[in-house]
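Asks: Pasting a predicted model and its sequence here:
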Amino acid sequence: MKISVLGGGHGCYAAAVEMAEKGHQVRLWRRDGAALKALLEIGSLTVRDYRGTRQVSVGQAGDLLTLTDNLAEALGDAQLVIVPLPSTSHDDLAQQVAPHLHDGQVLFLPPGTFGSYVFARAMADAGNHSRVAFAETGTLPYLVRKHGANQLVISCYATRLPTGVFPAELSGSAFAVLREAYPSVEPIEDALSGALMNAGPIIHPPLIMMNAGPLEHFETWDIHNEGTQPSIRRVTNQLDAERMAVREALGYGAPHFPLADHYNSTEGEEWMYGRGAHGKLTDSGDWREDINLQTHRYMLEDTRLGLSLLVSVGRWAGVPTPVAQGLLSIASAVSGRNLYAEGRTLENLGLAGLDRAQMSALLTQGCPR
């Protein structure tokens, strides 16, 4: 299969490597031509995961993994487009991608924060009425960190990826493509259901807000290790309960992938990263970071966009979300910004005025032509 991966982040490199190692023809697109040139001169990516350390050749004659900074070239004949970028990139990237998409393509956002609608609306606004499926899931398929220009450490691969499609009526053809790349995808109702599986807005806002002191005091701090204490876990559990209550109010069925299963190594349902993933994450040491509470994606993506979406959908569905609202309010005070006003809310997406039937029609049939 011909696959394009868009972006130069941790997950982008991991996706490009995994897809190439599975035998797919992969193009990795970055707008940063200098970074691509540097990688091309090195000629390979050094990958370390549970199988050991190896070299993956890049950009040489006959390689399955090639590089480009030309977006039209990257999208031209791709059957699957993987966008493992923060949702903060979606608005700008969606407008760039919109004119180049064509019938039969699948664009996959792991995870999406309802970015599936953002990309679909951008395509419609550009006058492109191709039949494209936009899919999103609950987490990045990798616990991964880049080190330097060509070093990649993958601590864990996702084993379950609950995934919704926009429009839902294209789910059948979309999953036929997605399963060739990610056999771990599990179909769920629609893209909003997929957005409400996103683990980032549940795990990260409590960890950064309730570790604000250590994060600003120490040079580095691991919010997933010494930063994950029982009191914080209790807040996370309450926040996750709000997410699941919103899902149930919208008629979305179990499993809801409660975050508690991520922390339980032996009990409960297997979570998205399988069993023991939290231990692998903390053992790696790669998440001992300097997190700037003004600029880090945990604030600008998971809190500003992710929590605002949860709060707004809760309001629309008539479900109180006091913990989500409280964390969002504290984060706004810390950052000096009105994060809800800036957020990916149903109000800002122009969807808050829809009734249940209209929302269902949108999610099923897609943007009006």
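Replies: Sure, I can see it.
Asks: In the lowest-mean-pLDDT helix or strand in the chain, which residues are buried?
Replies: Here the helix or strand of the chain ranked lowest by mean pLDDT, DSSP states H and E is helix 277-284, holding a mean of 77. For helix 277-284, a neighbour-count test (16 or more other Cβ atoms under 10 Å) marks 277-278, 281-282, 284 as buried. (Glycine included, C-beta is placed from N, CA and C.)
Asks: Tell me which other helices or strands that helix touches.
Replies: strand 142-147, strand 151-157, helix 260-263 (3 or more Cβ pairs under 8 Å, 6 or more residues apart in numbering; DSSP states H and E).
Asks: one step back: possible to save the buried residues of helix 277-284 as TSV with distance to H296?
Replies: As requested, these are exported to TSV (distance: Cβ to Cβ, whole Å):
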residue	distance to H296
A277	22
H278	20
L281	17
T282	19
S284	19
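Asks: Contacts for stretch 96-106, please.
Replies: The contact list for stretch 96-106 (Cβ atoms under 8 Å, 6 or more residues apart in numbering) reads 6, 71-72, 75-76, 78-81, 107, 119, 122-123, 125-126, 128, 130-135, 173-174, 177-178.
Asks: Kindly report the same for stretch 328-343.
Replies: Stretch 328-343 is contacted from outside by 205, 208-209, 212, 293-294, 299, 303-305, 307-309, 311-312, using Cβ under 8 Å, 6+ apart.
Asks: Buried residues in that stretch, which are they?
Replies: 328, 330-332, 334-335, 339-340, 343.
Asks: Please apply the same query to stretch 259-273.
Replies: 259-264, 271-273.
Asks: How about stretch 86-94?
Replies: Residues of stretch 86-94 classed as buried: 86-90, 93-94 (neighbour count, 16+ other Cβ under 10 Å).
Asks: thinking again about what came up before, list the first helix or strand encountered after the least confident helix or strand of the chain toward the C-terminus.
Replies: Going down the chain from helix 277-284, the next helix or strand is helix 297, by DSSP states H and E.
Asks: How far off centre is that following helix?
Replies: Distance of helix 297 from the chain centroid (Cα atoms, centre = their mean, to the nearest Å) equals 12 Å.
Asks: what sits up against the very next helix or strand once past that helix?
Replies: Following helix 297 in sequence order, the next helix or strand is helix 308-317 (DSSP H and E). Helix 308-317 has contacts (Cβ under 8 Å, 6+ apart) with 113-114, 192, 195-196, 201, 242-243, 245-246, 249-250, 320-321, 324-325, 328, 339-340, 342-347, 352.
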